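Visitor: just coords:
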């Protein structure tokens, strides 16, 4: 891979080209063009050979747009597949701006995946932030507007940490190369870069943006967002920071933390958002443990997660599209009216729960088994506990209260669901089942060499999965009255953010307001009185000085005019007499002076 190759059609090109031309396309036929960039991307990543592509110079720096190897290819492959599914699901949307921003966002994810240096990575990292922010705002309601601003602010801060880190690194080593950092040799700038990556990975406590923003995005926009932002972060963590112990611990905390909050949530899309935190936790933990099996488990789970999480968001998106809400206390009894939504949703629910025959079973168990084999027992136990909570909340609670908890609901007005939304869900469901039945569909692309191939279909693995799922079902039956969803807001680390805001208000805003009040009073007593006195002085000067001079001059001119009018009588004899008198007067004056 030392030579620079040519002939690689970068998937980003298709998405950005469509984003540029889409505003100028008339009619409705343009919708079919939405499928072209994903199809080109699939063809590109399935046919390209590993190598270095697209080197260019910009601002005096060398940028590498196409580092193609096993790791980048496996992520690019699932990104391409999910972009096709997402575009099919969004074909009914007439809002061009939604499609434009989806293209900007997805193109940014491909750009990050193939970036060979930090400068290229940062550029596309920010494109992702911009595109995803608009996918939230374009829901066009007050909640999405506020959530979008919070989301953008959070990712701006994360981007600044990344920028500070890479600039510090450039100053220290003189280049922007993006390669693996040995955990024992990490410098301050490496930790800054890692912190920027952890924001996008939703590592606790940097995760609050995710359950705040994803439920407020557009129906189709949230499908894209659930697939790309956190998984791009998983990719860059795998690329640069595998083996960092802090990630192993943080990932396990994420896995448990996410399911705990998902179990008490009422909003279906918020439940799924917390489960992104939890499922990405498995990946981050596998990266932190750093063995070939756990890292392959992280890759496999990222691949499977994109498919089943996209399907989950498509299912809840159908609920939002048809019923106008995803709040479980307002749903229920819809199984007979939306049977295919329920069936396709359950494929994803069983996949995320690790049920045998579905893709979550062949990916999640790899990371847990790898943790156990690496003698990280507590981490493996933590991930097993999270697996119980996953089936409890996503596999049972959400569909139960959305589809079955109440008698058949014939009164709720439901909007017909477009066919393309069902087609998109069916595509995701087929892949979830196919990968579960034929694990080699996924395993053949895993990038890290293992001494022994992992085999999920052992008696112990199957029994273990079934026992965990059975225990989860029993736990739900016992606690079904307790975990009944209620309309309320659950704060997690938002509480501390609000506390910080109140502290800033108390320490900064209130003292400034007090100073402003005192200044206003001083101005009223002293400054305002002085201004009034000055105004009175100017009035006196105007009336006594300026007006006297101007008025006196006017009166003098008036009197001269009156006198002149009297002198000018118009009779010739008077003018001759006046001239003679004036001449005698002048003669007398000269004679006297002489």
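Guide: That came through, no problem. This is a predicted model, so every value here is computed, not measured.

Visitor: when you work out contacts or count neighbours from here on, use the C-alpha atoms and nothing else.
Guide: Noted.

Visitor: residue 34 reaches residue 86, doesn't it?
Guide: No: in this structure, residue 34 is not within contact of residue 86 by C-alpha atoms under 8 Å, at 9.9 Å.

Visitor: and the two? which has more neighbours close in?
Guide: With neighbours defined as other C-alpha atoms under 10 Å, residue 34 and residue 86 compare such that residue 86 has more, 29 against 24.

Visitor: quick check: the gap between that one and residue 383.
Guide: According to C-alpha to C-alpha, to the nearest Å, residue 86 stands 29 Å off from residue 383.

Visitor: what of residue 178?
Guide: According to C-alpha to C-alpha, residue 178 and residue 383 sit 30 Å apart.

Visitor: counting neighbours, go ahead and name the busier of the two.
Guide: Legend: neighbour count by other C-alpha under 10 Å for residue 178 and residue 383, higher for residue 383 (28 against 17).

Visitor: helix, strand or coil for residue 490?
Guide: Secondary structure state of residue 490, per DSSP: H, G, I helix; E, B strand; the rest coil, is coil.

Visitor: quick check, it in contact with residue 263.
Guide: No: counting by C-alpha under 8 Å, residue 263 is not a contact partner of residue 490; they are 11.1 Å apart.

Visitor: helix or strand for residue 168, just tell me which one.
Guide: helix 142-173 (DSSP states H and E).

Visitor: I'd like the average pLDDT over stretch 185-199.
Guide: Stretch 185-199 shows a mean pLDDT of 93.

Visitor: over to stretch 242-259?
Guide: 93.

Visitor: now do the buried residues in it.
Guide: Across stretch 242-259, burial judged by 16 or more other C-alpha atoms under 10 Å covers 242-244, 247-259.

Visitor: how far out from the middle of the chain is that stretch?
Guide: 22 Å (C-alpha atoms, centre = their mean, to the nearest Å).

Visitor: again with stretch 416-433
Guide: Worked out by C-alpha atoms, centre = their mean, stretch 416-433 lies 25 Å from the chain centre.

Visitor: identify all contacting residues around it.
Guide: With contacts defined as C-alpha atoms under 8 Å, 6 or more residues apart in numbering, stretch 416-433 is touched by 85-86, 88-92, 304, 307-308, 310-311, 314-315, 318, 321-322, 340-341, 344, 347-348, 351, 357-360.

Visitor: helices of the stretch 51-200 of the chain, start to end?
Guide: Under the criterion DSSP state H, counting those that start in this stretch, the stretch 51-200 of the chain contains helices at 70-89, 96-114, 118-137, 142-173, 188-200.

Visitor: most packed of those?
Guide: Most buried of these, by mean neighbour count (mean count of other C-alpha atoms under 10 Å): helix 96-114, with a mean of 26.

Visitor: next up, the contacts around residue 383.
Guide: Residue 383 touches 252, 255, 256, 282, 368, counting by C-alpha under 8 Å, 6+ apart.

Visitor: run a quick neighbour tally on residue 495.
Guide: So residue 495, with other C-alpha under 10 Å, has 12 neighbours.

Visitor: that one in helix, strand or coil?
Guide: Three-state call for residue 495 (three-state DSSP): helix.

Visitor: from residue 205, how far out is it?
Guide: 11 Å.

Visitor: with residue 224 instead?
Guide: Residue 224 sits at a distance of 23 Å from residue 205 (criterion: C-alpha to C-alpha).

Visitor: so for those two, which sits in the more crowded spot?
Guide: Neighbour count, other C-alpha under 10 Å: between residue 224 and residue 205, residue 224 has more, with 28 against 16.

Visitor: make sure the more buried one is indeed in a helix.
Guide: Yes: according to three-state DSSP, residue 224 belongs to a helix.

Visitor: what distance do you get for the nearest residue to it once chain neighbours are set aside to residue 205?
Guide: Leaving aside its sequence neighbours, residue 224 sits nearest to residue 86 (C-alpha to C-alpha, 6 or more residues apart in numbering; 6.4 Å). From residue 86 across to residue 205, the span is 29 Å (C-alpha to C-alpha).

Visitor: for this protein, what helix or strand is lowest in average pLDDT?
Guide: One helix or strand of the chain scores below all others by mean pLDDT, DSSP states H and E: strand 4-5, with a mean of 55.

Visitor: surely the residue nearest to residue 224 is in contact with residue 225?
Guide: No: at 10.2 Å, residue 86 does not count as touching residue 225 under the criterion of C-alpha under 8 Å.

Visitor: what about the closest residue to residue 307 other than its chain neighbours, how many residues close to it?
Guide: Of all residues not flanking residue 307 in the chain, residue 428 sits nearest, at 5.9 Å (C-alpha to C-alpha, 6+ apart). Residue crowding around residue 428 was assessed by other C-alpha under 10 Å; the count is 26.

Visitor: distance of residue 428 from residue 351?
Guide: Plainly put, residue 428 is 11 Å away from residue 351 if you go by C-alpha to C-alpha.

Visitor: how about residue 257?
Guide: 20 Å.

Visitor: the strands in this protein, which residues?
Guide: 4-5, 51-58, 61-68 (DSSP state E).

Visitor: need the max-distance pair from the contacts of residue 383.
Guide: Distance extremes for those: the farthest pair is 256 and 368 at 13.4 Å, using C-alpha to C-alpha.

Visitor: tell me the span between the first and last residue of stretch 258-272.
Guide: OK, stretch 258-272 end separation, C-alpha to C-alpha: 9 Å.

Visitor: using TSV, please lay out the strands of the chain together with mean neighbour count and distance to residue 518.
Guide: Converted to TSV, the strands of the chain look like this (neighbours: other C-alpha atoms under 10 Å; distance: least, C-alpha to C-alpha, whole Å):
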stretch	mean neighbour count	distance to residue 518
strand 4-5	14	68
strand 51-58	15	54
strand 61-68	21	54
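
Visitor: picking up where we left off before, what about residue 490 and residue 263, which has more around it?
Guide: More crowded of residue 490 and residue 263, by other C-alpha under 10 Å: residue 263, with 22 against 12.

Visitor: any idea how far that one is from residue 314?
Guide: Distance, residue 263 to residue 314, by C-alpha to C-alpha: 20 Å.

Visitor: what does residue 8 give?
Guide: Plainly put, residue 8 is 32 Å away from residue 314 if you go by C-alpha to C-alpha.

Visitor: neighbour count for those two, which is higher?
Guide: For residue 8 versus residue 314, neighbours defined as other C-alpha under 10 Å are more numerous around residue 314 (30 against 17).

Visitor: contacting residues for the more buried one?
Guide: Residue 314 touches 89, 219, 220, 223, 421, 425, counting by C-alpha under 8 Å, 6+ apart.

Visitor: which one is the third one nearest to, not counting chain neighbours?
Guide: Of all residues beyond its chain neighbours, the one nearest residue 220 is residue 90 (5.8 Å), with distances taken as C-alpha to C-alpha, 6+ apart.

Visitor: quick check, pLDDT for that neighbour.
Guide: So residue 90 comes in at 95 (pLDDT).

Visitor: report the contact partners of it.
Guide: So, once contact is read as C-alpha under 8 Å, 6+ apart, residue 90 ends up touching 220, 420, 421.

Visitor: redo the strands of the chain as JSON lines? Include distance to residue 412.
Guide: Shown next, in JSON lines, are these (distance: least, C-alpha to C-alpha, whole Å):
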{"stretch": "strand 4-5", "distance to residue 412": "59"}
{"stretch": "strand 51-58", "distance to residue 412": "54"}
{"stretch": "strand 61-68", "distance to residue 412": "51"}
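
Visitor: how about those strands, which one is nearest residue 98?
Guide: Shortest separation from residue 98 across the strands of the chain is recorded for strand 61-68, at 26.0 Å, computed as C-alpha to C-alpha.
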